[in-house]
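S.K.: Build the 3D model from these lines:
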Amino acid sequence: MARELPYIAAIEEAIREEMERDETVLYFGQNIATHENDPFLKAFGSDRVRVTPISETAEIGMAVGAAVAGYRPVVELYMAEFMLVAMDQVVNEANRFHYMSAGQVKVPMVMKAGYGFTAGWAGQHTGTIYGMFMGVPGLRVAVPATAADAKGLMTASIRDDNPVVFFHHYLLTLEHGEVPEGEHVVPLGQAAVVREGSDVTIVGIGWTVGKALAAAEQLAADGVSAEVIDPRTLAPLDTATILQSVEKTGRLVVVDQSTRHGSAAAVIAAEVASEGFSSLKAPIKLVTALDATIPYSQPMEDYLLPDEAKIVEAVQQVLSASPTAA
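M.R.: Numbers count the residues shown, from 1 in each chain. Got it, this is the predicted structure:
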């Protein structure tokens, strides 16, 4: 049975339910358990819920150690950029222990990180940096676009025996959606076809899934049938679902808030060009942020970021392009 919940509440519900189910799940970070009335602290006590020093190197290092010792920590990192000061733990330690111990050591931990906080937050807190993590061996990357997937992917991430970077978009924080009550698991590595169509495939990532759906509605008014796909996770990446869609439609537009040359969109485009080239009737189009730091000015911010109009324009371009040679 489902009911309406905000995106952020769905994530917290998943963490709470997993902590109730499994005593090895821990929850800590710089901005949780800061007062005695914190709901997680009251429910689970200070042995499992703790505020940490203002040091990402310390809190992620603590999580790696706890995971190796048999716990399942969830680290509240607040903003994705904060991981950048602790990259050795993220991409050179947590992800490698299982391989380097010949499978003897597991590192089940979740790094929960907000991303894409635009709306005037300027340079250092607006990054969409999931692309730099998706090719790191041993690391999983989840990017939910809906409240239901936010709960389901968090549940799956906590249960996974690998380190997971869980990216949640700040502009989705209070977006409501139907969320199943009780246990809800969305498997990592399973994309969703969120709108079926026959003329063009639009792949959106995280926040841009909503933009892609809005563009598909506009296109439908002009008689264009767009299929919209949400990968949901970038590592593992469900290329099969994307390739099946492109085989049907023959055209692909990939939408990503990341900068073009640091984007997951570029990887997805490369996979389709490599494995599904014969299905393409037109060149692949990318709708991404420009390769620039997000400015404080809203008009400049809007200029840099993808939106519905840019997606519609890209679709019109692939529809009008000459078919590629077979």
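S.K.: use CA for all of it now, contacts and neighbours both
M.R.: OK.
S.K.: quick one: the helices in the chain?
M.R.: Ranges of helices within the chain are 7-21, 39-44, 56-68, 87-88, 97-100, 147-159, 208-221, 239-249, 264-275, 298-304, 308-320, based on DSSP state H.
S.K.: what's the offset of the first one from the middle of its chain?
M.R.: Same thing as helix 7-21. In this view, helix 7-21 has its centroid 17 Å away from the chain centroid, taken as CA atoms, centre = their mean, to the nearest Å.
S.K.: list the buried ones in it?
M.R.: 7-11, 13-16, 18-19 (16 or more other CA atoms under 10 Å).
S.K.: What of stretch 303-318?
M.R.: So stretch 303-318, judged by 16+ other CA under 10 Å, has buried residues 304-308, 310-312, 314-315, 317-318.
S.K.: Quick check: the two most widely separated of the residues you listed?
M.R.: 304 and 318 (21.4 Å; CA to CA).
S.K.: Show me how far stretch 73-90 is from its chain's centre.
M.R.: Worked out by CA atoms, centre = their mean, stretch 73-90 lies 15 Å from the chain centre.
S.K.: Stretch 258-269 now?
M.R.: How far stretch 258-269 lies from its chain's middle: 13 Å, per CA atoms, centre = their mean.
S.K.: of the helices of the chain, which approaches residue 175 most closely?
M.R.: When these are compared for distance to residue 175 using CA to CA, the nearest one is helix 7-21, at 5.6 Å.
S.K.: ok, which stretches of the stretch 101-250 of the chain are strands?
M.R.: Listed in chain order, the strands of the stretch 101-250 of the chain (DSSP state E, counting those that start in this stretch) span 110-115, 140-142, 164-169, 176-180, 192-195, 200-204, 226-230, 233-235.
S.K.: Tell me which of those sits nearest to residue 26.
M.R.: Closest to residue 26 of the strands of the stretch 101-250 of the chain, according to CA to CA: strand 110-115, at 10.0 Å.
S.K.: Please find the angle between the direction vectors of the closest one and strand 164-169.
M.R.: Interaxial angle of strand 110-115 relative to strand 164-169 (axes from the mean of the first three to the mean of the last three CA atoms, to 10 degrees): 30 degrees.
S.K.: Direction included, what does strand 110-115 pair up with?
M.R.: Counting by DSSP bridges, the strands paired with strand 110-115 are strand 72-79 (parallel), strand 164-169 (parallel).
S.K.: about what we covered before: out of the helices of the chain, deepest packed?
M.R.: Sort those by mean neighbour count, taking mean count of other CA atoms under 10 Å, and helix 147-159 sits at the top with a mean of 25.
S.K.: Not counting residues beside it along the chain, what's closest to residue 204?
M.R.: Excluding the flanking residues, the one nearest residue 204 by CA to CA, 6 or more residues apart in numbering is residue 255, at 4.8 Å.
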